[in-house]
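Visitor: Sequence first, predicted coordinates after that:
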Amino acid sequence: MAIKEDKNKIPVKFRNIKRSFMDTISLNNDHSFMSFPKELNFHGKEKGEQVVLIIRSHWIIYIPYLFLAIIIFILPFVLTSLMPAFFSNVTLLISLVITSLLVSLGIMVSSFVKWFYTVHIITDQRVVDLDFTSIMNHSMAEAQLEKIEDVTHKQLGIIGSIFDVGSVYIQTAGAQNEIEFLNVPRPRDIHDILFDLLELKQKGEI
Amino acid sequence: MEILNNLSGNSTDTMNIGIVSLLKLPLIIILFGNVLFAILLLLRIRILAETFETGDNKLIRGLVLFYLFTSVIGSIIALLFLLIG
């Protein structure tokens, strides 16, 4: 029954494809690595274009932001214990606590928004890279599958080995910049998926 | 001598008040900055929600609205405490 349900999640276009990526793509799906998502649309998506995979950064990358938020939150209490005479003014201390609480909340919310909107999309026609770089700007880059010349991936040291995190670099033809999927989970699988999709596109099977 | 003692006592108090007042100014700037940050974040996700549409966009919008609301209310309370103190 479970197999039948999984099969139904796969779009008709991909059901008869016998490739290695079809086995790995449906394993361990979560919000950072989601295959064949439903109810998803992006700017410039063509009618009939099938989203194969959406990838976000691994959560481990956001641990420093969480630590920063915790440090800022506990800072007033640390200062009070270090300099009790200076913070004898209760109203000032309350203001400081509220401010630190709001700043740490801001760090956590903005980190979550950054994680959610830094998204890499692989479709049956192209690769789209949406980057939430800062509060003031974001960037979007895309490349047709036919324009992809080379795909490489790198793993990030010890953290990369423990959590299977790495970066995927997609070299495209022409003067376009390289598309980068930074700090993503399962970089080897993404590499494999991209190469298989490229091959299928070249053979006209998708 | 009494006059000198009084003078020294007053100067210490003035210095304390000066430091407390000096600390209030960056706090006020941070509070205003935080509210501005929340507004900018809300504007940014409005654009991003049109660029990348999923069912979870409403959740993100709700979260940022909560953050904006908390920032405004929290900043008003903190400012009131700063003005009282």
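Guide: Alright, I've got the coordinates. Numbers count the residues shown, from 1 in each chain, chains lettered A, B, ... in the order given.

Visitor: Only C-alpha atoms from now on, for both contacts and neighbour counts.
Guide: OK.

Visitor: and the end-to-end length of stretch A:30-44?
Guide: End-to-end distance for stretch A:30-44: 25 Å, by CA to CA, to the nearest Å.

Visitor: So for it, mean pLDDT?
Guide: Throughout stretch A:30-44, pLDDT has a mean value of 87.

Visitor: Would you mind listing what in chain B touches chain A?
Guide: B:20, B:24, B:27, B:30-31, B:34, B:37-38, B:40-41, B:44-45, B:48, B:50-55, B:60, B:63-64, B:67, B:70-71, B:74-75, B:77-79, B:81-82, B:84-85 (CA under 8 Å from any CA of the partner chain).

Visitor: Give me the buried subset of the residues you listed.
Guide: B:20, B:24, B:27, B:30-31, B:34, B:37-38, B:41, B:44-45, B:48, B:51-52, B:60, B:63-64, B:67, B:70-71, B:74-75, B:77-79, B:81-82 (16 or more other CA atoms under 10 Å in any protein chain shown).

Visitor: among the residues you listed, which are in helices?
Guide: When DSSP state H is applied, these are split such that B:20, B:24, B:27, B:30-31, B:34, B:37-38, B:41, B:44-45, B:48, B:51, B:60, B:63-64, B:67, B:70-71, B:74-75, B:77-79, B:81-82 fall in helices.

Visitor: domains of chain A?
Guide: Following automatic domain parsing, one finds the domains of chain A at A:2-57+A:118-202, A:63-112.

Visitor: Let's have those domains in JSON lines, adding mean neighbour count.
Guide: Output for these, formatted as JSON lines (neighbours: other CA atoms under 10 Å in any protein chain shown):
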{"stretch": "domain A:2-57+A:118-202", "mean neighbour count": "17"}
{"stretch": "domain A:63-112", "mean neighbour count": "17"}
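
Visitor: now those as JSON lines including distance to chain B?
Guide: Below are the domains of chain A laid out as JSON lines (distance: least, CA to the nearest CA, whole Å):
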{"stretch": "domain A:2-57+A:118-202", "distance to chain B": "4"}
{"stretch": "domain A:63-112", "distance to chain B": "5"}
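
Visitor: So in chain A, where's the weakest helix or strand by average pLDDT?
Guide: Within chain A, confidence by mean pLDDT, DSSP states H and E is lowest for helix A:2-9 among all helices and strands, at a mean of 53.
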